[in-house]
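Undergrad: need a structure here:
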Amino acid sequence: MPAMDSYDAVIIGGGHNGLTAAAYLARAGHSVLVLERLDHTGGAAVSTRPFAGVDARLSRYSYLVSLLPQKIVQDLGLRFAVAGRTVSSYTPTLRGGRATGLLVDSGSPARTRAAFAELTGSDSEFEAWQRFYGMTQRLAERVFPTLTEPLPTRAALRERVADEAAWQALFERPLGRAVEETFADDLVRGVVLTDALIGTFADAHDETLRQNRCFLYHVIGGGTGDWNVPVGGMGALTDALADAARTAGAEIVTGHEATAIATDGTRAEVTYGTADMEGAVAARHVLVGAAPHALAALLGEEPPAPKPEGAQLKVNMLLRRLPRLRDRDADPREAFSGTFHIAEGYRQLATAYEQAAAGELPGAPPSEIYCHSLTDPSILGPELVAQGYQTLTLFGLHTPARLFERDNDAVREELLKSTLAQLDACLDEPIADCLATDADGRPCIEAKSPLDLERDLGLPGGNIFHRELAFPYATEDTGRWGVETGHPNVLLCGAGAVRGGGVSGIPGHNAAMAVLGE
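TA: Sure, this is the predicted structure:
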């Protein structure tokens, strides 16, 4: 139960962004209440033991960290760390009837050059790769620091980027044009494009540039674009944030679902319900970690746009051992320690999109995998580590929520089967032969569709970004921080804010700054 009937700030949602906002505001001396619908904090950034009787604590939903600014970690004194991945990616393929693959080793340019040359027959694709990602890194160094500042204007951000070719490639033209102009090899093109499609249902040449916005956030994280492994699992971050918020004086109550917000622009009242009762609290400010679509319902208003739609399949697995690869020259411990691309050639991605857009499941579902426990074995119990157990996290692309509406369970099962078949095509043994079993003898594998994410986490349509991502600059619809709504004292502090999406804490930071700036 809330301890008071009036607070400086009530925060709806105890995900990582809501907790970030709570910690900042409480440290500034504000009275803060966090209302969380579930029986635990963390939202999509949690660690869970999903398999009965098995001591494996997996990052169940979100699973890698790139966009979390070190500034937030330091400001809030978080005891949280990430571990880097030396291998960026491995992409298996067939060339001339022979199983081979492309290994991108971020720690060894010479080794990566040799891998490109062996796959493509020359150094030209590797040199194009170096130029392209040199451009994105320079852009990252200039754009990433702006994410925790007031929104720049479009012109100001363009001036800060100070690279017209990069601006045109990422902000003005469909990304597919830059990919096709820069790279010739279909597999290399696909590896580049995948960062534009994680959780985003789009074609490479989509004129709305939604693929560009997704790509941008994937390559600017930390000013480097590196994607790191959260030590201890994603729950280690949200546990640290919850501790920081409570230590600063914030009150966090779980099992309390906000059901309505009433505001006159100066004061607000938040109604909530529990399993046993209803209640209400007053607040000067209300910060909402839910999607804009959900916020409209809380305010009793029409939603600002059609319901968002997610487009991914999330699969968690526990293995007794890593599988052998068809490419005998590739070490599974290296291949799975970075991003392992499956059916993600450029033409394959285009075909999968076309099939899904036509209302069909992709014939060759694209996906990518990585093994958390290779970098961070702490998520496994000591006995599992000693026995060589490993985790696999798979993220499937181009599977919009609409495909699951006719029969979520049946379609999820069909898609999982075909997705694992694409993985098996890269392996020298079926992945099923490597799966561990739980205490009841069931295989340790679970899959989540967009509709499952909507049910479990309240994400409209299972959209992991809450709505379409936005470029990180001000428009006529944004306020100073990109968190403002039509009500002066109601702010977005979740992924649906401008500069939202991913595990970053940035919307929570920015919403807190908007309050403190007043």
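Undergrad: for the longest helix seen in the chain, buried residues please.
TA: The single longest helix within the chain, with elements called by DSSP state H, is helix 124-143. Counting neighbours by 16 or more other Cβ atoms under 10 Å, one finds that the buried residues in helix 124-143 are 125-126, 128-129, 132-133, 135-137, 139-140, 142-143. All C-beta atoms are positioned from the backbone trio N, CA, C, and that covers glycine.
Undergrad: what does stretch 1-18 give?
TA: Of all the residues in stretch 1-18, those buried under the rule 16+ other Cβ under 10 Å are 2, 7-18.
Undergrad: where in the stretch 201-350 of the chain is pLDDT low?
TA: Of all residues in the stretch 201-350 of the chain, none has pLDDT under 70.
Undergrad: rewinding a little: show me which of the buried residues of stretch 1-18 is closest to residue 486.
TA: Distance to residue 486 across those (Cβ to Cβ) is lowest for residue 12, with 16.4 Å.
Undergrad: would you agree the closest one is in contact with residue 285?
TA: No - look at residue 12 against residue 285 with Cβ atoms under 8 Å: they stay out of range, at 11.3 Å.
Undergrad: the nearest residue to residue 488 once chain neighbours are set aside: neighbour count?
TA: Leaving aside its sequence neighbours, residue 488 sits nearest to residue 265 (Cβ to Cβ, 6 or more residues apart in numbering; 4.8 Å). Neighbourhood size, residue 265 [other Cβ atoms under 10 Å]: 10.
Undergrad: contacting residues for residue 483?
TA: Residue 483 sits next to 491-493, 497-498, 507, 510-511, 514 when contact means Cβ atoms under 8 Å, 6 or more residues apart in numbering.
Undergrad: go again using 7 Å as the cut-off
TA: 491-493, 497, 507, 510-511, 514 (Cβ atoms under 7 Å, 6 or more residues apart in numbering).
Undergrad: drop anything exposed from these.
TA: 491-493, 497, 507, 510-511, 514.
Undergrad: inside helices: which ones of those?
TA: Counting by DSSP H, the buried ones among the contacts of residue 483 contribute 507, 510-511, 514 to helices.
Undergrad: just checking, next helix/strand downstream of the host helix or strand of residue 229?
TA: Assessed by DSSP states H and E, residue 229 sits inside strand 229-230. Next helix or strand after strand 229-230 toward the C-terminus (DSSP H and E): helix 235-248.
Undergrad: ok now whichever helix or strand comes after that following helix, how far from the chain's centre?
TA: Once helix 235-248 ends, the next helix or strand along the chain (criterion: DSSP H and E) is strand 251-253. Its chain's C-alpha centre and that of strand 251-253 lie 26 Å apart, by Cα atoms, centre = their mean, to the nearest Å.
Undergrad: just checking, next helix/strand downstream of strand 251-253?
TA: The helix or strand immediately downstream of strand 251-253 is strand 257-263, counting by DSSP H and E.
Undergrad: got a list of contacts for that next one?
TA: 12, 35, 37, 268-273, 286, 298-300, 487, 489-490.
Undergrad: what's the answer for stretch 199-208, then?
TA: Counting by Cβ under 7 Å, 6+ apart, 174-176, 179, 193, 210-211, 214, 309-312, 350, 353, 398, 400, 464-465 sit against stretch 199-208.
Undergrad: quick one: the helices in the stretch 351-500 of the chain?
TA: All helices of the stretch 351-500 of the chain, identified by DSSP state H, counting those that start in this stretch, fall at 372-375, 382-386, 408-424, 450-457.
Undergrad: cool, the stretch 201-350 of the chain as well?
TA: Going by DSSP H, counting those that start in this stretch, the stretch 201-350 of the chain shows helices at 210-219, 235-248, 292-299, 332-335, 346-357.
Undergrad: now the angle from the third one to strand 257-263?
TA: To tie it back to what came earlier, the one meant is helix 292-299. If you take axes from the mean of the first three to the mean of the last three Cα atoms, to 10 degrees, helix 292-299 sits at 70 degrees to strand 257-263.
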